[in-house]
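Visitor: Predicted model and sequence below, questions to follow.
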Amino acid sequence: MISTDSSAMTAISAFILAPNVLITAALLVAGNAVFFLLSRRPKGFPPGPPGLPGLGNLYQINKSIPALTYSAWALKYGQDKPMGVKLGSTNIVVLNSARMVRDLFERRGAIYSDRPRPNGEDEKWKFQTHQVPASLFHDSGPWLTRWRKEFNGALGSAAAVARLHPMNDAETARVLVALLEAGPAARRADLEDMILSWVTSVPCIAVVGRRPDAMAHHGFEMDVFRRRTAGYMMLHKPDLMDRIPVLRHLPGKFGMARWRAKSQAVAKEVFEIKDQFLSAAKEHRAALDAAAAAGKGLNNNNNGTEGLYESLGAKMLREQRENRDKDVWTDLGLSAWNIVAAAMYTSLATFSTMLMIVAKYPEVQQRIREEVLQVSGGDGAPLKSTDVARLMYTEAFWHEVNRWRPVAPQGIPHAPAQEDVYDGYQIPKHTAVYANVWHIHHSPEDYESPEKFDPERFLRHPFGMRPGAAHDPTTMDASAGSATASARATYSFGFGRRVCPGMLLAKQSLMLGLAKILWAFDVLPAQAGEELDLNVETGFVQGLITFHPKHLDVSLKLRPGRSKQDILDHYSETYKVEAELMGW
């Protein structure tokens with residue numbers, strides 16, 4: 001018996017002392033030691049809620065809607081000072097007031113316009129900035145500056161939006177026809193698909209001169225586009241390996257090997273989409289060249305009514321041909337993908353919320369409809385794009401939707417390009433800095449009954465805030481310091497140099513779309529008598545990018561007095577103008 005125990009002990013000792021076991025154990029000990037050191041707060045880092053050893057606040061945050069946790073902490077620890085949060089070894093800073101957001105993202109925009117690099121210039125960072133660059137994830141710099149300028153010229157400025165008025169009129173009329181043909185019993189998924197086709201059509205026209213469904217001969221399919229874009233976004237979703245970097249060194253599929261394989265597959269898929277957009281842009285360029293040969297000019301007077309419309313892609317191909325730009329092929333296709341993907345996520349989510357709200361609050365729906373009919377001159381004529389600026393209550397509704405249920409409750413994080421000091425606290429280079437849009441929009445100090453949906457708050461005050469000296473609009477604008485740091489009605493479309501370039505077009509398109517839908521249809525709950533769930537925790541979900549209703553539970557029923565022919569005639573009239581401008 002003693003001999004057997006001795007043999008066992010000898011075997012165990014030999015195993016423990018084996019070189020590979022010792023090395024593995026040493027690496028684990030060293031890795032854990034490094035991890036615990038990294039999970040400590042940096043010197044001078046903003047204070048925040050206490051966390052667990054090694055893990056920090058990683059498992060204390062609402063995984064579905066992190067902004068709600070940050071908001072609760074803001075009320076507990078102070079909402080007008082930066083809050084430091086530890087997610088394993090990752091440092092993040094949360095800004096819970098508009099003052100701080102304007103200070104950092106706008107006044108110090110030259111510093112705070114990068115994206116975070118939790119693990120430095122690693123494989124993920126190189127993938128999103130070099131291999132498959134996307135404007136959403138790219139650092140500030142020449143590449144992003146160049147493309148944001150192009151985006152602004154194509155669809156971001158007031159002049160660009162005006163040139164797109166005829167296309168907006170036609171595409172909203174077109175979705176009315178689709179909704180009419182589907183009928184009030186349209187399935188939820190079909191309704192979402194119709195809205196998706198509509199909200200991506202004008203951005204796609206702006207960048208390549210074609211609607212998505214007119215690109216089928218180039219191989220484009222919206223379902224495939226949506227799935228592949230989601231695959232790309234998933235690659236950038238923070239995972240446990242980002243929070244605990246030592247896990248990246250695990251062998252085989254447990255480490256980075258699976259991510260590498262997935263990233264290469266996704267890159268191939270995205271480049272196929274890039275080629276489809278590029279082919280569409282070339283097709284539009286060829287059509288414009290043929291029209292020019294026949295004596296037709298371009299629309300350069302910014303009124304959207306004369307000459308042919310030149311898409312961004314067609315313009316850049318012309319400039320390349322004129323030797324003013326020699327390297328646009330890959331970037332042009334990828335940038336078109338960026339624009340259409342951004343519209344797909346944000347506009348679909350926002351408009352779904354708008355429809356759910358007017359179905360839940362029929363008195364709000366009726367007031368919008370009455371305003372639309374008054375502005376358009378009566379019950380017969382549908383509203384035009386040029387009339388949208390006169391819809392005061394509808395604009396207040398737009399602002400309240402974005403305040404009440406913001407499409408990105410915690411925004412997309414910015415990061416400082418260098419170490420910075422703010423309010424006496426150190427913010428390390430490349431730290432993720434989040435604007436807690438949810439809390440900014442729901443602060444009880446700034447808004448009366450912030451959880452109540454009340455469009456009229458934006459008729460009483462330009463920023464929808466409480467009355468009083470603290471919220472004097474002129475004082476708030478003056479304190480902002482400059483036009484780029486001015487107070488705004490809402491912050492759903494981002495901040496500073498990374499504000500969404502399609503913000504004006506989205507507002508114009510979605511307000512027009514709602515106005516025309518209410519001209520034609522009653523928007524009702526899908527099931528009569530059903531109580532629609534718009535509770536932030538039970539009725540909404542946080543997707544890859546956007547915050548949106550769990551279910552689009554609405555039905556659209558043709559209004560009394562409105563006929564099928566009214567809608568068909570409206571589309572026929574608006575499409576003639578669109579087709580002439582586009583050279584279709």
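Guide: Good, I have the coordinates.
Visitor: What residues sit buried inside the longest helix along the chain?
Guide: The longest helix of the chain (DSSP state H) is helix 257-293. Burial within helix 257-293, assessed by neighbour count using 16 or more other Cβ atoms under 10 Å, is assigned to 259, 263, 266, 269-271, 273-285, 287-288, 291. Where you see a C-beta, it was placed from the backbone N, CA and C, and this is true even at glycine.
Visitor: tell me the average confidence for it?
Guide: Mean pLDDT, helix 257-293: 91.
Visitor: quick one: contacts of the helix or strand following it?
Guide: As assigned by DSSP states H and E, the chain's next helix or strand after helix 257-293 is helix 312-321. Here helix 312-321 makes contact (Cβ atoms under 8 Å, 6 or more residues apart in numbering) with 150-151, 153-155, 206-209, 277-278, 280-282, 284-285, 288, 310, 325-326, 328, 332, 336.
Visitor: Can you list the buried residues in helix 312-321?
Guide: By neighbour count with 16+ other Cβ under 10 Å, helix 312-321 contains the buried residues 312-318, 320.
Visitor: Adding pLDDT, write the residues you listed out as TSV.
Guide: Shown next, in TSV, are the buried residues of helix 312-321 (pLDDT from 0 to 100):
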residue	pLDDT
312	94
313	94
314	94
315	93
316	91
317	92
318	91
320	86
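Visitor: Now render those residues as a markdown table, adding distance to residue 218.
Guide: Converted to a markdown table, the buried residues of helix 312-321 look like this (distance: Cβ to Cβ, whole Å):
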| residue | distance to residue 218 |
| --- | --- |
| 312 | 17 |
| 313 | 12 |
| 314 | 15 |
| 315 | 19 |
| 316 | 18 |
| 317 | 15 |
| 318 | 20 |
| 320 | 19 |
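Visitor: Just flag the most distant two among those.
Guide: For these, the farthest-apart pair by Cβ to Cβ is 312 and 320; their separation is 12.5 Å.
Visitor: just so I have it, where are all the strands in the protein?
Guide: Taking DSSP state E, the strands of the chain run over residues 83-87, 90-95, 420-422, 425-427, 432-435, 521-525, 540-542, 547-549, 554-558.
Visitor: which non-adjacent residue is nearest the spatially most central residue of the chain?
Guide: With distances taken as Cα atoms, centre = their mean, residue 346 lies nearest the centre of the chain, 4.7 Å away. Spatial nearest neighbour of residue 346, chain neighbours left out: residue 407 (5.3 Å); criterion: Cβ to Cβ, 6 or more residues apart in numbering.
Visitor: how close does that neighbour get to residue 100?
Guide: Distance, residue 407 to residue 100, by Cβ to Cβ, to the nearest Å: 21 Å.
Visitor: Low-confidence ranges, this protein, go.
Guide: 1-39, 118-121, 128, 240-244, 246-254, 299-306, 324-329, 477-486 (pLDDT under 70).
Visitor: So the residue nearest to the centre of the chain sits against residue 402, correct?
Guide: No: using Cβ atoms under 8 Å, residue 346 makes no contact with residue 402, being 10.6 Å away.
Visitor: tell me the contacts of the residue nearest to the centre of the chain?
Guide: Neighbours of residue 346 in contact, by Cβ under 8 Å, 6+ apart: 407-408, 500, 506, 545-546.
Visitor: outside of stretch 361-375, which residues touch it?
Guide: Applying Cβ under 8 Å, 6+ apart, the contact partners of stretch 361-375 are 357-359, 379, 383, 387, 390-394, 397, 453, 455, 514-515, 518-519, 522-523.
Visitor: ok, now stretch 170-179?
Guide: Stretch 170-179 has contacts (Cβ under 8 Å, 6+ apart) with 186, 191, 194-195, 197-198, 201-202, 205, 211, 382, 509, 512-513, 516-517, 520-521, 556, 567-568, 570-571, 573-575, 577-578.
Visitor: Recalculate using a threshold of 7 Å.
Guide: Contact partners of stretch 170-179, identified using Cβ atoms under 7 Å, 6 or more residues apart in numbering, comprise 194, 198, 201-202, 512-513, 516-517, 520-521, 556, 567-568, 570-571, 574-575, 577-578.
Visitor: what are the bridge partners for residue 549, then?
Guide: According to DSSP bridges, the residues that bridge with residue 549 are residue 540.
Visitor: Can you report how many residues lie near it?
Guide: By the measure other Cβ atoms under 10 Å, the count of residues near residue 549 is 20.
Visitor: And residue 213, by the same measure?
Guide: Applying other Cβ under 10 Å, we find 14 residues neighbouring residue 213.
Visitor: Also the one 10 residues further on?
Guide: Counted with other Cβ under 10 Å, residues neighbouring residue 223 total 9.
Visitor: Tell me the spacing between it and residue 344.
Guide: 12 Å.
Visitor: Not counting sequence-adjacent ones, nearest residue to residue 419?
Guide: residue 429 (4.9 Å).
Visitor: From the structure, what's the count of residues near that neighbour?
Guide: 13.
Visitor: Show the backbone phi and psi for it.
Guide: For residue 429, the backbone dihedrals (degrees, to the nearest 10) come out as phi -50, psi 140.
Visitor: Now for it: which residues touch it?
Guide: 416-419.
Visitor: give me that answer again for 6 Å
Guide: 416, 418-419 (Cβ atoms under 6 Å, 6 or more residues apart in numbering).
Visitor: Could you report the separation of it from residue 381?
Guide: Distance from residue 429 to residue 381, by Cβ to Cβ: 57 Å.
Visitor: do residue 173 as well
Guide: Residue 173 is 12 Å from residue 381, by Cβ to Cβ.
Visitor: More neighbours: those two, which one.
Guide: Taking neighbours as other Cβ under 10 Å, residue 173 and residue 381 compare with residue 173 leading, 23 against 13.
Visitor: any idea how far residue 291 is from residue 310?
Guide: For residue 291 relative to residue 310 (Cβ to Cβ), the value is 10 Å.
Visitor: now swap in residue 446 and tell me
Guide: 44 Å.
Visitor: again with residue 405
Guide: Counting by Cβ to Cβ, the gap from residue 405 to residue 310 is 37 Å.
Visitor: Looking at those two, which one has more neighbours?
Guide: The neighbour comparison of residue 405 against residue 310 (other Cβ under 10 Å) goes to residue 405, with 25 against 22.
Visitor: got a list of what the closest residue to that one other than its chain neighbours touches?
Guide: Excluding the flanking residues, the one nearest residue 405 by Cβ to Cβ, 6+ apart is residue 353, at 5.2 Å. Residue 353 is in contact with 401, 405, 549, counting by Cβ under 6 Å, 6+ apart.
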